[in-house]
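Novice: Curious how this folds, go ahead:
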Amino acid sequence: MNLREICARTEQAARETASFILAESKRFDLKATENKGLNDFVSYVDRGSEELLVNLLGDILPEAGFITEEGTSAKKGIRYCWVIDPLDGTTNFIHGLHPYAISIGLMEHDEVIAGVVYEVSGKEVFMAWKGGGAWLNGNRIHVSNTEELSGSLVATGFPYSHFEKLPCYLNLLNHFLQHTHGVRRLGSASIDLAYVACGIFDLFYEYDLHLWDVAAGMLIVREAGGMVGDFAGNMQKITGEEIIATNGKIYSEVVDIVGKFMPGK
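Specialist: Model (predicted):
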């Protein structure tokens with residue numbers, strides 16, 4: 001399998017889907033949203049973009065199954081599976097706020113082997129394939145060289161439904177606010193991960209995410225030279241339930257600090 005070619009064709013699928021999202025953004029009405037759960041929104045744009053991606057990606061690798069946020073395909077794959085977030089940052093999108101992105105990962109059994117994150121408004125295309133490095137708009141990217149947390153710029157996301165961990169989370173946030181260059185919250189986990197990969201952020205952490213939020217992004221970080229794990233520092237079978245992504249140089253320091261405030265599972 002030529003993973004570079006797979007990524008190129010996946011990028012084209014993302015571009016076509018992004019055109020649909022951008023067209024709909026110009027006439028989107030906030031009243032067209034539904035609630036899947038507390039502060040968990042979905043719209044016809046999410047579903048429409050996912051259906052489009054399922055069709056386009058199905059042409060690229062017909063034998064692959066799908067794991068999708070909106071459940072538009074139940075197809076199972078024996079060896080390969082696409083993991084799709086058709087609109088990562090739906091809350092941003094429905095309020096007319098950027099960024100929001102398309103995130104597409106390809107898994108072989110339990111391993112992500114290719115990934116594309118397309119930042120819809122800025123037309124930033126991040127991609128990576130196993131052993132092929134990480135790329136932004138055709139240019140090779142690498143994580144930052146920051147060696148200490150004190151010199152880091154941090155990204156995170158705020159919980160929107162599971163608030164039982166919120167007190168611990170806020171204590172951790174307070175620590176990072178006082179011991180880093182600052183904390184940013186963009187509202188799109190796939191973009192947060194992509195920005196770790198290209199050296200804008202040195203660290204991203206969050207909990208209560210899903211595989212479709214992180215599959216593509218964590219491969220891009222790793223292929224850019226970074227490290228991705230859970231709150232306990234484990235780097236295998238990351239699903240998004242807990243995630244830490246760093247440039248690698250500060251990984252151990254971050255795991256130690258996160259463990260003090262939010263012990264891993």
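Novice: Quick test: name the residue nearest the centre of this structure.
Specialist: For the chain, the residue nearest the mean C-alpha position is residue 190 (2.1 Å; CA atoms, centre = their mean).
Novice: Against residue 167, how distant is the residue nearest to it when sequence neighbours are not counted?
Specialist: Sequence neighbours aside, residue 103 is the residue nearest to residue 190 in space, at 3.9 Å (criterion: CB to CB, 6 or more residues apart in numbering). The way it works is simple: take the backbone N, C-alpha and C, and place the C-beta from them, glycine included. In this view, residue 103 and residue 167 are 30 Å apart by CB to CB, to the nearest Å.
Novice: More neighbours: these two, which one.
Specialist: Neighbours were tallied for residue 103 and for residue 167 using other CB atoms under 10 Å; the higher tally belongs to residue 103 (31 against 10).
Novice: For the stretch 101-250 of the chain, which segments count as strands?
Specialist: Residue ranges of the strands in the stretch 101-250 of the chain, as given by DSSP state E, counting those that start in this stretch, are 101-108, 111-119, 124-129, 134-136, 139-141, 153-156, 182-184, 203-207, 227-229, 242-246.
Novice: Could you export those to a markdown table, including columns for mean pLDDT?
Specialist: Below are these laid out as a markdown table (pLDDT from 0 to 100):
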| stretch | mean pLDDT |
| --- | --- |
| strand 101-108 | 98 |
| strand 111-119 | 98 |
| strand 124-129 | 98 |
| strand 134-136 | 98 |
| strand 139-141 | 98 |
| strand 153-156 | 98 |
| strand 182-184 | 98 |
| strand 203-207 | 96 |
| strand 227-229 | 98 |
| strand 242-246 | 97 |
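Novice: In a markdown table: the ones you listed, plus distance to residue 59.
Specialist: Converted to a markdown table, the strands of the stretch 101-250 of the chain look like this (distance: least, CB to CB, whole Å):
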| stretch | distance to residue 59 |
| --- | --- |
| strand 101-108 | 14 |
| strand 111-119 | 15 |
| strand 124-129 | 18 |
| strand 134-136 | 23 |
| strand 139-141 | 28 |
| strand 153-156 | 34 |
| strand 182-184 | 37 |
| strand 203-207 | 32 |
| strand 227-229 | 30 |
| strand 242-246 | 31 |
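Novice: quick one: residue 10 is in a strand?
Specialist: No - secondary structure of residue 10, determined by DSSP: H, G, I helix; E, B strand; the rest coil: helix, with no strand assignment.
Novice: Can you get me the start-to-end distance on stretch 121-130?
Specialist: 27 Å (CA to CA, to the nearest Å).
Novice: on that earlier part again, isn't the residue nearest to the centre of the chain right next to residue 86, touching?
Specialist: No - applying CB atoms under 8 Å, one finds residue 190 not in contact with residue 86, separated by 11.2 Å.
Novice: hmm, back to that, for the residue nearest to residue 190, give me its contacts.
Specialist: Contacts for residue 103 were tallied using CB atoms under 8 Å, 6 or more residues apart in numbering; they are 84-85, 88, 115-118, 190, 212-213, 215-217.
Novice: at 10 Å instead, please
Specialist: 14, 69, 83-89, 115-118, 126, 188-191, 193-194, 212-217, 220 (CB atoms under 10 Å, 6 or more residues apart in numbering).
Novice: for residue 230, same thing?
Specialist: Contacts of residue 230 by CB under 10 Å, 6+ apart are 205, 207, 236-244, 255, 258, 264-265.
Novice: Check residue 191 too.
Specialist: Residues 88-89, 92, 98-101, 103, 117-119, 122, 124, 126, 155, 200-201, 204, 217 are the ones in contact with residue 191 under the rule CB under 10 Å, 6+ apart.
Novice: which among the residues you listed end up buried?
Specialist: The neighbour-count criterion (16 or more other CB atoms under 10 Å) marks 88-89, 92, 98-101, 103, 117-119, 124, 126, 155, 200-201, 204, 217 among the contacts of residue 191 as buried.
Novice: A strand includes residue 83, no?
Specialist: Yes - secondary structure assignment (three-state DSSP) places residue 83 inside a strand.
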